[in-house]
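Colleague: Give the three-dimensional model of this entry:
(chains A and B, ligands or ions: 1)
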Amino acid sequence: MELSEIAEIEIDVLLEAIRRRYDYDFSHYARSSLKRRINGLLVKEKLDMPYQLIPRILYDEEVFNRFLSELSVTVTEMYRDPEFFSNLIESIFPVLDTYPYFKIWHAGCATGEEAYSLAVLLKEAGLLNRAKIYATDYNNKSIDIANQGIYSAENIELSNKCYLKAGGKHSFSKYYTEHYDAIKFNDELRNAITFAYHNLVKDGVFGEMNLIICRNVFIYFDKELQNNVLRLFNESTVSKGFLCLGSKESLRFSILKDKFNTLSEANSIYRKKD
Amino acid sequence: MKFIEKSTVEIRCIVIGVSAGGFDALDRLVTKLPLDFSFPVVIVQHRIADNDGYLAQHLNLKSASVVKEVIDKEPICAGIVYIAPPDYHLLIERGLYFSLSKDDKVNYSRPSIDVLFESAADIYRQACLGIILTGKNQDGSMGLAQIVAAGGTAIVQDPQSAIASEMPRAAIKKVPTAAILNLSEIADYLTSLEKRQKS
Ligand SMILES: C[S@@+](CC[C@H](N)C(=O)[O-])C[C@H]1O[C@@H](n2cnc3c(N)ncnc32)[C@H](O)[C@@H]1O
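Modeller: Numbers count the residues shown, from 1 in each chain, chains lettered A, B, ... in the order given. Prediction:
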């Protein structure tokens, strides 16, 4: 057997150990990316081979937490891909406006920037008080940050630019207070969003959504897991509900390709058929 | 061409890494590929993040093959030239489809040639052909070494013929057994490969 095949076995055993010990299943994450992350962790832990991680992770929860952070790339920003948000305002807000009350789910919300970004735009469109917004992630650390609604002011100029590009009508600074080098979103926005733990791999439906936004999460899943989660999204959307993915993610190669219409290929916006 | 003797194994995927001077180099190489080329060609070209797909559009117009930017989970098909989208790493997965990643930059680059080459070596093993073209940094050398370690084949653009010679030089240093060819020789080789595998 080639060494590379043996290394695959090591990784399978490591993932199985994690699944049984901590109930996190990474076996259907995109394998090539996953391997790079594991190698990254090996360097940090000063280890050579994946099997050496097994006892460390089994007996030391801190090592597992570091593994989890390594695997939940949290890079996100306010108004990431501004055209996506302006597209939402144009094509989806008018439809939401026809409902007396509607639900939005940000799945894989990381530290919450995407959810706050959208809440501000909903507020400006007069839709926020009719919205029930859920934002979930499987990384509790990220959820804690999102709940606090406090962010570094370092990138605030860029955020303001993107806010305007996204179709913001006022000044972004209207929605937060600044303390030294941090910003804190207003209570109205913070109270409008329910941040919660939810693991897309194993947790189920928790409501019927009018709009599901899951951006830049599927790139870390393999095809099978992506399809499983899409099945969950399909069950979680109302008829004619909307589904949005990241800009390089698509339904085209998935089981839902015939169940949804494409509203925007470039911004990956889809609408469920009847 | 002397180095070709070893290629008794079938090649199933061609990966190309290119940086500074790449627009010109790809313009001269990709446009030479025949229609219905029997291999997938996967390219990482270092670019600025907000480039809007111009390179792929340009090459697609001028080439016999379809040239496109990759979408996540896209299956890998022969005869198509795939380009990594700006600001994403491009990887090959076991089911012979692509995945993208926003992980940290590697060699100050995203997409990184090393990231693509490493996954290509891992999946295609000896059936992988890696090519390093013009560039001003060292990305790709490691990946090319991994392709060769897995039994694959390596070609590096002759540094003297490259617009920027640093990247080919670094690759040759790391993989001294690589074949060193200029762009038209590489194009000829790829075309001959086509004929050989068809017969
Ligand atoms: C790159 S972030 C995307 C953040 C945001 N949606 C955006 O586009 O800017 C990916 C997020 O997916 C989360 N994630 C990964 N696997 C998950 C799972 N199984 N269940 C829930 N969230 C997951 C990670 O924790 C991370 O916060």
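
Colleague: next structured bit after the lengthiest strand in chain A?
Modeller: Using DSSP state E to define each element, chain A has its longest strand at strand A:237-245. Heading C-terminal from strand A:237-245, the first helix or strand you meet, by DSSP states H and E, is strand A:260-264.

Colleague: Quickly run through the sheet partners of that next one, with directions.
Modeller: Using DSSP bridges, strand A:260-264 pairs in its sheet with strand A:269-272 (antiparallel).

Colleague: Any idea how far the partner strand is from the middle of the chain?
Modeller: 18 Å (CA atoms, centre = their mean, to the nearest Å).

Colleague: got it, and stretch B:60-67?
Modeller: Distance, centroid of stretch B:60-67 to centroid of chain: 16 Å (CA atoms, centre = their mean).

Colleague: Can you point out the buried residues in it?
Modeller: B:Asn60, B:Ser63, B:Ser65, B:Val67 (16 or more other CB atoms under 10 Å in any protein chain shown). C-beta coordinates here come from the backbone N, C-alpha and C atoms, glycine included.

Colleague: contact partners of it?
Modeller: Residues outside stretch B:60-67 that contact it (CB atoms under 8 Å, 6 or more residues apart in numbering or on different chains): B:27, B:30-31, B:33-35, B:37, B:41, B:56, B:59, B:68, B:79-81, B:83.

Colleague: Just the pLDDT at B:Lys2, thanks.
Modeller: Note for B:Lys2: predicted pLDDT of 48.

Colleague: Repeat that for A:Ala7.
Modeller: 89.

Colleague: secondary structure element for it?
Modeller: helix A:3-22.

Colleague: and that helix with chain B, contact?
Modeller: Yes. Using CB under 8 Å from any CB of the partner chain, we find that helix A:3-22 touches chain B at A:Ser4.

Colleague: residues in contact with A:Leu225?
Modeller: A:Leu225 neighbours (CB under 8 Å, 6+ apart): A:His28, A:Tyr29, A:Val201.

Colleague: any idea how far it is from A:Leu71?
Modeller: 13 Å (CB to CB, to the nearest Å).

Colleague: Can you tell me the element B:Ser99 falls in?
Modeller: B:Ser99 belongs to strand B:98-101, assigned by DSSP H and E.

Colleague: Domain parsing of chain A, as residue ranges.
Modeller: A:3-71, A:82-272 (automatic domain parsing).

Colleague: So which of the ones you listed is nearest the ligand?
Modeller: Nearest to the ligand, of all the domains of chain A, is domain A:82-272, at 3.3 Å by CB to the nearest ligand atom.

Colleague: where exactly do the helices run in chain B?
Modeller: B:22-29, B:54-62, B:113-124, B:141-149, B:166-174, B:183-198 (DSSP state H).

Colleague: Spell out which residues of chain B are next to the ligand.
Modeller: B:Lys102 (CB under 6 Å from any ligand atom).

Colleague: Quick check: neighbours shared by A:Leu225 and A:Leu71?
Modeller: A:Tyr29.

Colleague: Let me see the mean pLDDT of the helix or strand harbouring A:Ile213.
Modeller: Per DSSP H and E, A:Ile213 falls inside strand A:209-214. Confidence for strand A:209-214, expressed as mean pLDDT, is 98.

Colleague: Give me the angle between it and strand A:237-245.
Modeller: Put simply, strand A:209-214 runs at 20 degrees to strand A:237-245, going by axes from the mean of the first three to the mean of the last three CA atoms, to 10 degrees.

Colleague: Check which helices and strands strand A:209-214 is in contact with.
Modeller: Helices and strands touching strand A:209-214, by 3 or more CB pairs under 8 Å, 6 or more residues apart in numbering or on different chains; DSSP states H and E, are strand A:102-107, helix A:223-236, strand A:237-245.

Colleague: For A:Asp97, grab the count of nearby residues.
Modeller: 12 (other CB atoms under 10 Å in any protein chain shown).

Colleague: Next one: it from A:Ser32, what distance?
Modeller: For A:Asp97, the distance to A:Ser32 - CB to CB - is 43 Å.

Colleague: Grab the most central residue of chain A for me.
Modeller: A:Gly108 (2.2 Å; CA atoms, centre = their mean).

Colleague: and the closest residue to that one other than its chain neighbours, what is it in contact with?
Modeller: Spatially, and ignoring its direct neighbours in sequence, A:Gly108 is nearest to A:Val217 (3.4 Å; CB to CB, 6 or more residues apart in numbering or on different chains). By CB under 8 Å, 6+ apart, A:Val217 lies in contact with A:Ala107, A:Gly108, A:Leu200, A:Gly246.

Colleague: what does chain B have sitting close to chain A?
Modeller: Within reach of chain A by CB under 8 Å from any CB, chain B has these residues: B:70-75, B:85, B:88-89, B:91-95, B:97, B:99-103, B:115, B:118-119, B:122-123, B:125, B:150.

Colleague: make it 6 Å
Modeller: B:Ile71, B:Asp72, B:Lys73, B:Pro85, B:Leu91, B:Glu93, B:Arg94, B:Ser99, B:Leu100, B:Ser101, B:Lys102, B:Ser119 (CB under 6 Å from any CB of the partner chain).

Colleague: burial count for the third one?
Modeller: To tie it back to what came earlier, the one meant is B:Lys73. So B:Lys73, with other CB under 10 Å, has 26 neighbours.

Colleague: what do you get for the second one?
Modeller: Using other CB under 10 Å, the number of residues around B:Asp72 comes to 29.

Colleague: Could you tell me how far A:Glu249 is located from A:Tyr29?
Modeller: Distance from A:Glu249 to A:Tyr29, by CB to CB: 15 Å.

Colleague: So the two - more neighbours on which side?
Modeller: Each of A:Glu249 and A:Tyr29 has its neighbours counted (other CB under 10 Å); A:Glu249 has more, 23 against 19.

Colleague: Where does the prediction get shaky in chain B?
Modeller: B:1-9, B:48-51, B:197-199 (pLDDT under 70).

Colleague: And A:Asn140, how close does it get to A:Leu68?
Modeller: Distance from A:Asn140 to A:Leu68, by CB to CB: 9 Å.

Colleague: Which one of the two is surrounded by more residues?
Modeller: A:Leu68 (17 against 11).

Colleague: And the residue of chain B that's closest to the ligand?
Modeller: For chain B, CB to the nearest ligand atom, closest residue to the ligand: B:Lys102, 5.8 Å.

Colleague: returning to that earlier point: buried among the residues of chain B next to chain A? Need that as a selection in ChimeraX.
Modeller: Only the buried entries of these go into this ChimeraX selection, using 16+ other CB under 10 Å:
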select /B:71,72,73,85,91,93,99,100,101,102,119
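
Colleague: Closest to B:Gly140 out of the residues of chain B next to chain A?
Modeller: Closest approach between these and B:Gly140, by CB to CB: B:Ser119, at 13.2 Å.

Colleague: which residue packs closest to B:Gln146, ignoring adjacent ones?
Modeller: Per CB to CB, 6+ apart, closest to B:Gln146 is B:Ala121, 4.3 Å.

Colleague: what ranges do the helices span in the stretch 101-250 of chain A?
Modeller: Shown for the stretch 101-250 of chain A, the helices assigned by DSSP state H, counting those that start in this stretch span residues A:113-124, A:140-148, A:156-165, A:187-192, A:223-236.

Colleague: rewinding a little: out of the helices and strands packed on strand A:209-214, which is closest to A:Thr177?
Modeller: Of these, the one closest to A:Thr177 (CB to CB) turns out to be strand A:102-107, at 23.3 Å.
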